[in-house]
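structure, please.
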Amino acid sequence: MTQTWGMGSGCAPFYNTCKEGTANTRMVRFFDEDRFEIYATCDIDADEELLHTYISLKWRTCFQELNEIVHADDSEHKSED
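As a prediction, this is how the structure comes out:
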């Protein structure tokens with residue numbers, strides 16, 4: 001499967017990734033218009049890290065190490081069961 005990908009602009013490159021369901025922002029993508037909008041999902045305190053889940057986190061090879069870090073506690077919890 002061929003996938004086309006783009007690079008964020010504005011402040012988006014400074015938003016960090018996190019596990020699904022834990023982000024304090026959400027990104028609405030308009031692929032047909034080559035744009036996106038980012039919204040807060042809750043009140044965000046001054047100096048609080050801005051987080052959204054990279055949709056390509058699980059499949060882009062350049063994010064493999066990052067994906068392992070983000071989900072590291074998942075494997076710790078599984079080994080305790």
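
got a list of what the closest residue to Thr22 other than its chain neighbours touches?
Nearest non-adjacent residue to Thr22, counting by Cβ to Cβ, 6 or more residues apart in numbering: Leu51, 6.9 Å away. Where you see a C-beta, it was placed from the backbone N, CA and C, and this is true even at glycine. Residues near Leu51 by Cβ atoms under 8 Å, 6 or more residues apart in numbering: Tyr15, Asn16, Thr17, Cys18, Thr22, Ala23, Asn24, Thr25.

format those residues as a markdown table; extra columns: neighbour count, distance to Asp47 and secondary structure.
As requested, the contacts of Leu51 are exported to a markdown table (neighbours: other Cβ atoms under 10 Å; distance: Cβ to Cβ, whole Å; DSSP: H, G, I helix; E, B strand; the rest coil):
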| residue | neighbour count | distance to Asp47 | secondary structure |
| --- | --- | --- | --- |
| Tyr15 | 19 | 15 | coil |
| Asn16 | 13 | 14 | strand |
| Thr17 | 19 | 19 | coil |
| Cys18 | 17 | 17 | coil |
| Thr22 | 11 | 18 | coil |
| Ala23 | 20 | 17 | coil |
| Asn24 | 17 | 13 | coil |
| Thr25 | 17 | 15 | strand |
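
which one of these is nearest Phe63?
Among those, Thr17 lies closest to Phe63 (Cβ to Cβ), at 7.9 Å.
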